[in-house]
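Peer 1: Kindly generate the corresponding structure for this input.
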Amino acid sequence: HPVSLELLADLGVAEALIAQGVQVRRGQALRSLSEPIGALDFQHLPRPFPFVLSIPQYRTEAVLERRLRVVDDRALHRGHELCGLQDLGERQRLTFRRGDGAEVQVDADFVVGADGVRSTTRELAEIPYEGGPYPDTFLMGDFVDDTELGPEAAIFLHPEGLVESFPLPDGQRRWVVRVPSAGASTVLGDAGDAELLRQRIVASVIARVGHDLGRTPCLMQSTFGVQHFLAQRFVQGRVILAGDAAHVVSPIGGQGMNLGWKDAARLLEAFEALPERRPWRRALASYARRSRRVAKVATRRSAFYMRLGRAQRHPGLRDAAIGAILRTPLAHVAARLFTMRGLETIPI
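Peer 2: I've put the predicted structure just below:
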């Protein structure tokens with residue numbers, strides 16, 4: 001999202017990411033390919049990034065790793081598993097297990113656990129993680145793009161559930177289909193179910209969108225459930241949580257990773273205050289308060305997106321309301337909300 005590209009520009013990596021991604025400057029809401037409801041235009045968003053960037057995660061990681069190695073080529077250590085965390089008062093002692101089985105200990109002023117939804121840091125610090133799954137399951141597949149949508153994203157609001165489609169680099173397009181959780185059980189098995197999963201995606205897109213994906217190669221297929229979690233505390237002494245280790249929201253709307261970027265920016269502010277001899281507890285408490293508050297707002301937004309995409313008893317009312325918003329000045333407000341503007345200023 002643009003708010004993250006602004007942060008990444010400060011690191012000197014935004015241009016490299018943009019060069020490898022697809023700039024999505026417009027999103028459409030449709031009933032089918034031949035039945036548009038309205039459009040969301042991102043080109044009126046603040047410069048210099050009036051678009052959403054679509055780029056595979058592995059490319060993002062590669063660009064960041066290259067930049068990190070320029071800043072400090074000794075900073076990144078792969079193959080180290082965190083297995084111990086001890087509070088020494090003024091320091092934290094971390095114990096890592098290397099791939100060869102040997103253990104390594106590191107003492108640090110602070111520990112930042114940005115190690116995902118199954119965070120070892122959070123578990124060792126015994127910080128509760130509150131939340132649970134949504135009653136939604138999605139099928140996802142990447143296909144060679146033979147539509148006429150080009151660089152535009154599309155949301156198909158079918159009565160049986162949402163179909164989301166957006167461009168990827170190299171002439172590919174990702175399709176995400178919401179299905180009833182019970183109905184997805186037949187495709188949640190091992191890799192041997194890949195062909196069954198591909199067929200299910202193709203059949204769902206034909207039925208809801210009117211487009212035959214079976215004519216193009218499928219490059220990836222998977223299925224996933226969605227959930228929401230929030231750590232009870234983002235800071236415990238000198239242990240800090242960020243990203244999915246601290247909060248998880250539904251991926252619909254693409255907020256999760258971007259929340260992590262914003263966490264990092266707030267945490268940087270807190271650390272920059274430390275050399276000024278400001279009380280570190282106060283600086284980290286501000287980080288925790290602001291980040292937890294924003295995560296709650298993002299969770300509410302993602303839950304709203306989820307509700308819009310579920311099977312509807314009266315889909316015509318939903319479609320009429322969305323169409324009315326997208327044909328008025330409220331469309332500019334909707335574009336800002338979708339691209340995560342205003343998260344810092346909305347009251348809980």
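Peer 1: Tell me how far stretch 85-96 lies from the chain's centre.
Peer 2: 31 Å (CA atoms, centre = their mean, to the nearest Å).
Peer 1: In it, which residues are buried?
Peer 2: Applying a neighbour-count criterion of 16 or more other CB atoms under 10 Å, one finds 85, 92, 94, 96 buried in stretch 85-96. C-beta: built from backbone N, CA, C; applies to glycine.
Peer 1: quick one: contacts of the host helix or strand of the first one?
Peer 2: Think Leu85. Secondary structure from DSSP states H and E places Leu85 in strand 80-87. Contact partners of strand 80-87, identified using CB atoms under 8 Å, 6 or more residues apart in numbering, comprise 92-98, 103-104, 111, 115, 120-121, 124-125, 237-239.
Peer 1: now do stretch 91-107
Peer 2: Outside stretch 91-107, the residues that touch it by CB under 8 Å, 6+ apart are 77, 79-86, 88, 108-111, 237-239.
Peer 1: Try it again at 6 Å.
Peer 2: 79-86, 108, 111, 238 (CB atoms under 6 Å, 6 or more residues apart in numbering).
Peer 1: Tell me the most packed of those, by neighbour count.
Peer 2: Val111 (22 neighbours; other CB atoms under 10 Å).
Peer 1: Hmm, that one is touching Ala242, no?
Peer 2: No - Val111 is beyond contact range of Ala242, at 10.9 Å (criterion: CB atoms under 6 Å).
Peer 1: hang on, Arg307 is in a strand, isn't it?
Peer 2: No - assessed with DSSP: H, G, I helix; E, B strand; the rest coil, Arg307 is helix; it does not lie in a strand.
Peer 1: quick one: buried residues of stretch 286-303?
Peer 2: Result for stretch 286-303 [16+ other CB under 10 Å]: buried residues 287-288, 290-292, 294-299, 301-303.
Peer 1: one step back: JSON lines for the contacts of stretch 91-107, including pLDDT and distance to Leu45?
Peer 2: Below are the contacts of stretch 91-107 laid out as JSON lines (pLDDT from 0 to 100; distance: CB to CB, whole Å):
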{"residue": "Gly79", "pLDDT": "92", "distance to Leu45": "41"}
{"residue": "His80", "pLDDT": "94", "distance to Leu45": "40"}
{"residue": "Glu81", "pLDDT": "96", "distance to Leu45": "41"}
{"residue": "Leu82", "pLDDT": "97", "distance to Leu45": "39"}
{"residue": "Cys83", "pLDDT": "97", "distance to Leu45": "45"}
{"residue": "Gly84", "pLDDT": "97", "distance to Leu45": "46"}
{"residue": "Leu85", "pLDDT": "97", "distance to Leu45": "41"}
{"residue": "Gln86", "pLDDT": "97", "distance to Leu45": "47"}
{"residue": "Ala108", "pLDDT": "96", "distance to Leu45": "39"}
{"residue": "Val111", "pLDDT": "97", "distance to Leu45": "36"}
{"residue": "Arg238", "pLDDT": "94", "distance to Leu45": "38"}
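Peer 1: Which residues belonging to stretch 246-256 are considered buried?
Peer 2: In stretch 246-256, counting by 16+ other CB under 10 Å, buried: 246-256.
Peer 1: my bad, should have said stretch 138-148
Peer 2: Buried positions in stretch 138-148, judged by neighbour count with 16+ other CB under 10 Å: 138-143, 145, 147.
Peer 1: quick check: mean pLDDT across that stretch?
Peer 2: Taken as a whole, stretch 138-148 carries a mean pLDDT of 96.
Peer 1: what's it in contact with?
Peer 2: 171-179, 200-201, 213, 216-224.
Peer 1: what about stretch 228-236, distance to the chain center?
Peer 2: Counting by CA atoms, centre = their mean, stretch 228-236 comes out at 17 Å from the chain centroid.
Peer 1: can you check stretch 40-54 too?
Peer 2: Put simply, stretch 40-54 sits 18 Å off its chain's centre (CA atoms, centre = their mean).
Peer 1: hmm, who's touching it?
Peer 2: 1-2, 5, 21-27, 166-168, 332, 335.
Peer 1: Pick out the most distant pair among those.
Peer 2: Within the contacts of stretch 40-54, Leu168 and His332 form the most distant pair, 26.9 Å apart (CB to CB).
Peer 1: any weak-confidence spans in this protein?
Peer 2: 181-192, 275-278, 345-348 (pLDDT under 70).
Peer 1: hey, where'd the strands end up in the stretch 51-200 of the chain?
Peer 2: 52-54, 80-87, 92-98, 103-108, 111-113, 129-144, 153-158, 161-168, 172-179 (DSSP state E, counting those that start in this stretch).
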